[in-house]
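>>> Here is a sequence with its predicted model. Questions after.
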There are 2 protein chains.
Amino acid sequence: MPEAQPKAYSIGDLARATGTRVNTIRFYEQRGLLPEPPRSSGGQRRYDRTHLDRLAFIRHGRALGFSLDAIAELLALSDDPDAPCAEVDSIARNHLVAVERRITQLQALHGELTRMVRACAGGSIGDCRIIEALSD
Amino acid sequence: MPEAQPKAYSIGDLARATGTRVNTIRFYEQRGLLPEPPRSSGGQRRYDRTHLDRLAFIRHGRALGFSLDAIAELLALSDDPDAPCAEVDSIARNHLVAVERRITQLQALHGELTRMVRACAGGSIGDCRIIEALSD
DNA sequence: ATACAAGCTACAGCCACTGTAGCTTCAAGA
DNA sequence: TCTTGAAGCTACAGTGGCTGTAGCTTGTAT
């Protein structure tokens, strides 16, 4: 009796399942985020469930704005369930702070832009407040 | 009687005056945002006041988050003081909308990350909510 | 005259992909 | 079994907005 084979996925299957482009999956492999999968006799990548989960993890991390380096660290940490999660926590907190800083900065920009756009009376460029503000 | 020469600036002077790196100034020139300035007999760039103003315009635009393409358009428009400023207005409004979208998106991320970080009880990775959330 | 700061060109690298060219392989229908 | 067209393959160039470097040459203060 042959062993039950776990279901194999093509690169396109993984792409569809995770909303990732095929090229991006290969890019993650090249960057070491995804392990090199086995190949079919014709040389095509054949993935299993573990690859799918790992890719999903990467995509969730990206959706939250983590860098690929941070995700690589998180993946490495997640492979050691007995280690303390302090480092995971620290990566997440650092990212949270970076996001906060970015929001603050963008809100300042937003204020500036709003003021500029409101000041524009719709005349000609010669007295456009927007151009004026940029020329300062 | 010789004509009064306008004051000439080296690339380093422009850099200091606008908080721009020397390499970045050359990059703007290469991208067509700054005109090629005259050169000294030895081949070094010699700028005048108009270059300085133009570079300051570019830097203000960048500080407000405009793309170099948008800045190029704004510069072109600002050279024609009689044209209506509708297009300037439209570029600024579009950018404003983009900034708003980005802020909204980052605030969503911020919420997610805050929830994740708060859920982390500081144990081991095996029961870390952060890793769990990413694995989903 | 000399020393050294500042400038020059040209190019590689960053981040996280995206898109393309020019092939080969796979899978489903006839 | 054959054919066809979708899907996969490698390799590389391009995006945006710079930054950094190597290996020179020029400018300027003493």
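On my side now, so go ahead. Values in this document were obtained by computation on a predicted structure and should not be read as measured data. Numbering: from 1, shown residues only, chains lettered A, B, ... in the order given.
>>> In contact with the residue nearest the centre of chain A, which residues?
The centroid of chain A falls nearest to residue A:62 when counting by Cα atoms, centre = their mean (2.0 Å). Residue A:62 makes contacts with A:68, A:71, as judged by Cβ atoms under 8 Å, 6 or more residues apart in numbering or on different chains. Glycine gets a C-beta too; all of them are placed from N, C-alpha and C.
>>> repeat for residue A:83
So residue A:83 contacts A:77, B:124-125 (Cβ under 8 Å, 6+ apart).
>>> where's the nearest residue to residue A:75 once chain neighbours are set aside, which helix or strand?
Spatially, and ignoring its direct neighbours in sequence, residue A:75 is nearest to residue A:57 (6.5 Å; Cβ to Cβ, 6 or more residues apart in numbering or on different chains). Using DSSP states H and E, residue A:57 falls within helix A:49-63.
>>> That helix - what's its average pLDDT?
Averaging pLDDT along helix A:49-63 gives 97.
>>> do the same with stretch A:100-107
97.
>>> on that earlier part again, the helix or strand following the helix holding residue A:57 and DNA strand D in contact?
For helix A:49-63, the following helix or strand on the C-terminal side (DSSP H and E) is helix A:68-78. No: with Cβ under 7 Å from any atom of the strand as the criterion, DNA strand D is not reached by helix A:68-78; the gap is at least 13.0 Å.
>>> Packing partners of helix A:68-78?
Counting by 3 or more Cβ pairs under 8 Å, 6 or more residues apart in numbering or on different chains; DSSP states H and E, the packing neighbours recorded for helix A:68-78 are helix A:49-63, helix A:86-119, helix B:129-135.
>>> And the last one, what does it pack against?
With contacts defined as 3+ Cβ pairs under 8 Å, 6+ apart, the secondary structure elements packing on helix B:129-135 are helix A:49-63, helix A:68-78, helix A:86-119, helix B:86-119.
>>> quick one: contacts for the closest residue to residue A:65 other than its chain neighbours?
Nearest residue to residue A:65, sequence neighbours excluded (Cβ to Cβ, 6+ apart): residue B:109, at 5.3 Å. Neighbouring residues of residue B:109 by Cβ under 8 Å, 6+ apart: A:64-65, A:99.
>>> Dump the residues you listed into CSV; add distance to residue B:131 and neighbour count as well.
CSV is the format used below for those (distance: Cβ to Cβ, whole Å; neighbours: other Cβ atoms under 10 Å in any protein chain shown):
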residue, distance to residue B:131, neighbour count
A:64, 13, 21
A:65, 17, 18
A:99, 19, 19
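>>> filter these down to the ones near DNA strand C?
Near DNA strand C, by the rule Cβ under 7 Å from any atom of the strand, you find none of these.
>>> Between those, which sits nearest DNA strand D?
Ranked by distance to DNA strand D (Cβ to the nearest atom of the strand), the contacts of residue B:109 are led by residue A:65 at 15.0 Å.
>>> close enough to count as contact, the closest one and residue A:103?
No: under the criterion of Cβ atoms under 8 Å, residue A:65 makes no contact with residue A:103, lying 11.3 Å away.
>>> Now list whatever residues contact both of these two.
Common neighbours of residue A:65 and residue A:103 (criterion: Cβ under 8 Å, 6+ apart): residue B:106.
>>> Report the rounded mean pLDDT for stretch A:32-40.
Throughout stretch A:32-40, pLDDT has a mean value of 97.
>>> does any bit of that stretch sit next to chain B?
No: using Cβ under 8 Å from any Cβ of the partner chain, no contact is recorded between stretch A:32-40 and chain B, whose separation bottoms out at 13.1 Å.
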